[in-house]
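Here's my sequence, what's the structure:
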Amino acid sequence: MFWKIYAVLYLVLVAAGLPAVLGRLDEIPLIEQIDLLVLAPIAVLALWSKGYRHIKLPKNGWKLLLFASVFWRAITLGNAFIFGDVIGKLHSSVVAMAAQSHAGATPGMVTYAMSAAAGVAVFLAFPPLVALYRNAYGNESLLQLMSPSPKPAGSIDPIAKHLKGRLNRSELDAHAVLDLE
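Model prediction:
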């Protein structure tokens, strides 16, 4: 149910924000344009596929989209923090907003607002990546994917097979001794 609600909310958010972005496209940096015009539709596709109906892509299609999205998300976040001065702009806008209140800008208000903004950013960025991961790998856990190649079902380690054979013979010998007595 979470994926269905989140997919609709994300689609509404992208659809509502797209006209404003297209109106001032020449003012937006190239990295953010690519993020909004290419990666946002990929996120909507992944969320819709996870929430409503799985969309079949060519072999390794979801894995390729996952790799591109994670790689690009790192570039956009790095660009925003290093060159965009996101934290400074957010801090100054929170201080300006808090200064309008009668209490003034307390450090607690600024910290709370910045924490809330970080939480919203994580909530908007993380679930589309999880949906891409789930579409690419199904319900396999990441630890299972990173472990050494598992043995195919039905194959038995030669040492375990040998020990199993010895165990059966010793059990048989013990029963034979009991039967003779």
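
tell me which helix or strand of this protein sits lowest on mean pLDDT?
helix 158-180 (a mean of 54; mean pLDDT, DSSP states H and E).

where exactly do the helices run in the protein?
Assigned by DSSP state H, the chain shows helices spanning 2-23, 30-34, 40-51, 61-82, 86-99, 107-137, 142-146, 158-180.

ok, of the ones you listed, where does mean pLDDT dip lowest?
The minimum mean pLDDT among the helices of the chain belongs to helix 158-180 (a mean of 54).

re the thing from before, out of the helices of the chain, which one sits most buried?
Of all the helices of the chain, helix 40-51 has the most neighbours on average by mean count of other Cβ atoms under 10 Å, namely a mean of 20. Where you see a C-beta, it was placed from the backbone N, CA and C, and this is true even at glycine.

From the chain's centroid, how far away is it?
Here helix 40-51 is found 12 Å from its chain centre; the criterion is Cα atoms, centre = their mean, to the nearest Å.

can you check stretch 43-62 too?
On Cα atoms, centre = their mean, the centre of stretch 43-62 falls 14 Å from that of its chain.

That one spans what distance, first to last residue?
Start-to-end span of stretch 43-62 (Cα to Cα, to the nearest Å) is 11 Å.
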